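[1] have a look at this prediction, sequence included:
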Amino acid sequence: MNYWETILLGLIQGIAEFLPISSSGHLVIFESLLGGSSENLELNVALHFGTLMSILLVYRNDFIGVLFNPKLVLAIIIATLPVVVVGLFFKDYFETVFATPTVAGFGLLFTSALLFVTPKVDSGERKLEEIRLIDAFVIGLFQAIAPMPGVSRSGSTIVGGLIMGIRREAAAHFSFYIAVPAIAGATILNAKDLLEQGPGETSLAAGTLVAFVTGYLALKWLLRLVVARKLVWFAWYCLAVGLIVISFFGR
């Protein structure tokens, strides 16, 4: 991909990683429209690394407190285990079988259905410090389905937290706490591919930088939307885009 296409994908990644509309789904769709390959692991991992840096910047003042909270650290570990299993044993399957625009369209419909549920389950009162291990495991199961294109990681894990009775702000914060090991793990898992990246390193860095900046802005905006109970807005977006993608690519 050329310089400007990589920047465009960085913009899409930064926005869609944190807003509950699935970055992986949008990358698969746009890479297909641009004539690229959805199997460009180097690019996809580099863009995810940019958004990882966004999380670390937004939560830079929180993570010290998290590290000194053994119960919360254990909850993060428990929530991460399901996606580790998926990454280690089903990574190639997701990348080859599911990485198509049509599958991404159906994934967006699934995300839409999850988000339409939010007004019905947004009544939990338990705080971040009150997250139980069973809560963490269930949220982790929601995160484990996110590698499928079109399924939003942030949307599914926040909904999982709401279903378990966690306060919406706490569910959002925990969702992005567990994103750190998940994204970092994916980056490490593909470190060899990144080190072997040849021509195009400049455009790769540009895309990563764009993903970082837009990801920071998108994450700050999402946290405000969660407080305002506006997640259902994105259900309509995912429904519309999912139907359009399925009708266009499924012909």
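    It's in.
[2] what helix or strand is residue 21 located in?
    If you go by DSSP states H and E, residue 21 is not part of any helix or strand.
[3] where does this structure have low pLDDT?
    Low-confidence segments of the chain (pLDDT under 70): 1, 36-42, 91-98, 189-203, 251.
[4] which stretches of it form helices?
    3-18, 23-33, 41-58, 63-67, 70-96, 101-121, 133-144, 153-163, 168-189, 191-195, 201-227, 232-249 (DSSP state H).
[5] now residue 119. Nearest residue, chain neighbours left out?
    The shortest distance from residue 119 to any non-neighbouring residue, by C-beta to C-beta, 6 or more residues apart in numbering, is to residue 232 (5.8 Å). No exception for glycine: its C-beta is placed from N, CA and C like everyone else's.
[6] which residues does residue 81 contact?
    137, 140 (C-beta atoms under 8 Å, 6 or more residues apart in numbering).
[7] again, only using 7 Å
    Neighbour list for residue 81: residue 140 [criterion: C-beta atoms under 7 Å, 6 or more residues apart in numbering].
[8] hang on, the earlier thing: tell me which of the helices of the chain lies nearest to residue 127.
    helix 168-189 (5.4 Å; C-beta to C-beta).
[9] pull the residues that contact stretch 120-137.
    Residues outside stretch 120-137 that contact it (C-beta under 7 Å, 6+ apart) are 74-75, 78-79, 162-168, 170, 173-174, 229.
[10] now the buried members of these.
    Buried members of the contacts of stretch 120-137, scored by 16 or more other C-beta atoms under 10 Å, are 75, 78-79, 162-168, 170, 173-174.
[11] I'd like those laid out as TSV, including distance to residue 249.
    Formatted as TSV, these follow (distance: C-beta to C-beta, whole Å):
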residue	distance to residue 249
75	39
78	37
79	33
162	32
163	31
164	35
165	38
166	36
167	39
168	34
170	38
173	36
174	34
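[12] re earlier: now, which of the contacts of stretch 120-137 sits nearest residue 250?
    Minimum distance to residue 250 across these is 30.5 Å, recorded for residue 163 (C-beta to C-beta).
[13] what residues are up against the closest one?
    residue 121.
[14] any idea how far it lies from residue 135?
    Residue 163 sits 9 Å away from residue 135, going by C-beta to C-beta, to the nearest Å.
[15] over to residue 243?
    For residue 243, the distance to residue 135 (C-beta to C-beta) stands at 33 Å.
[16] what about the two, which has more around it?
    Between residue 243 and residue 135, residue 135 has the larger neighbour count (other C-beta atoms under 10 Å), namely 24 against 14.
[17] pick the most deeply packed of the helices of the chain.
    helix 153-163 (a mean of 27; mean count of other C-beta atoms under 10 Å).
[18] just the CA coordinates for that one, please, in CSV.
    Below are the C-alpha coordinates for helix 153-163, written out as CSV (Å, rounded to 0.1, in the frame of the first residue of the first chain):
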residue,chain,number,x,y,z
ARG,A,153,-13.7,-5.4,21.1
SER,A,154,-14.6,-2.3,23.1
GLY,A,155,-18.3,-2.7,22.4
SER,A,156,-18.5,-6.4,23.3
THR,A,157,-16.4,-6.1,26.5
ILE,A,158,-18.3,-3.0,27.7
VAL,A,159,-21.6,-4.8,27.1
GLY,A,160,-20.2,-7.9,28.9
GLY,A,161,-19.4,-5.7,31.9
LEU,A,162,-22.9,-4.2,31.9
ILE,A,163,-24.6,-7.6,31.7
